[in-house]
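*Asks:* Got a predicted model here, sequence first, then my questions.
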Amino acid sequence: MDLPVKIEELTLNGDTKNQTKREDYIEWKEYFMAMAFLAAKRSKDPSFQVGACIVNKENRIVGVGYNGMPFGCSDDDFPWGKNTTSPLDSKFLYVCHAEMNAILNKNSADVKDCTIYVSLFPCNECAKMIIQSGIKEVVYLSDKNAHKDIYIASRKMLDAAGVKCWQYIPKRDKIEIRFTETDCETMSPSK
Ligand SMILES: O=c1ccn([C@H]2C[C@H](O)[C@@H](COP(=O)(O)O)O2)c(=O)[nH]1
Ligand SMILES: [Zn+2]
């Protein structure tokens, strides 16, 4: 009688070793989009958080950013409101967009031919920076502002410049990170 062959585990020198690769790993595109979403978690903007992750041809991350106040402009002193009487009292004149921060934060000489993963389709100002920096592909998740002039102009420029833009449709609605998942015995959830 044939016994079922178990290829998953093999006893080697007394150790049980896994012999087949995991199947539930996250794939590259999902990983990079998740990086953009994780970066967005750093944003102090109370109404909308955006993240961006720039990746080169070798699937190496070369820049990450989120929307925030410029260096030296305190998150506590500069305004986060939007419906203010004076534009000087709203965030819009001050906040650096996620894409701009990702490009300026680059840890490589340039971002030519790179892909930028963004949680939100880029505005016209970010589109200009993307084009001028040589990024060749935009992978976005939300396109919630597609009907607004700023975003119509953005798409027009990206299309004209030959920057490929496509919407990432996630396979799952969340990726959970549990710090207690590792086998680090000293680790315990903070109270
Ligand atoms: O391309 C973009 C467009 C917008 N952002 C940032 C700028 C603001 O902090 C928020 C948008 O706030 P609303 O209150 O929804 O107008 O998103 C960006 O980083 N990149
Ligand atoms: Zn922008």
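*Replies:* Perfect, I can see it now. Residues are numbered from 1 along each chain as shown. Ligands and ions are numbered 1, 2, ... in the order given.
*Asks:* Quick check: the closest residue to Gly134 other than its chain neighbours vs ligand 1, distance?
*Replies:* Spatial nearest neighbour of Gly134, excluding adjacent residues (Cβ to Cβ, 6 or more residues apart in numbering): Lys112 at 3.5 Å. (C-beta placed from N, C-alpha, C; glycine too.) Here the criterion is Cβ to the nearest ligand atom, to the nearest Å. By it, Lys112 lies 21 Å from ligand 1.
*Asks:* and Lys112, which of the three is it?
*Replies:* coil (DSSP: H, G, I helix; E, B strand; the rest coil).
*Asks:* show me what contacts it?
*Replies:* Residues near Lys112 by Cβ atoms under 8 Å, 6 or more residues apart in numbering: 133-136.
*Asks:* Report the secondary structure state of the residue most central in space within the chain.
*Replies:* In the chain, the centroid-proximal residue (Cα atoms, centre = their mean) is Ala36; its distance is 1.1 Å. Taken by three-state DSSP, the conformation at Ala36 corresponds to helix.
*Asks:* Skipping adjacent residues, who's closest to it in space?
*Replies:* Gly51 (3.9 Å).
*Asks:* ok so, going back, find me the pLDDT at the residue nearest to the centre of the chain, would you?
*Replies:* pLDDT recorded at Ala36 is 98.
*Asks:* again with the one 5 residues further on
*Replies:* With respect to pLDDT, Lys41 scores 98.
*Asks:* Same check on the one 10 residues further on?
*Replies:* At Gly51 the predicted local distance difference test score is 98.
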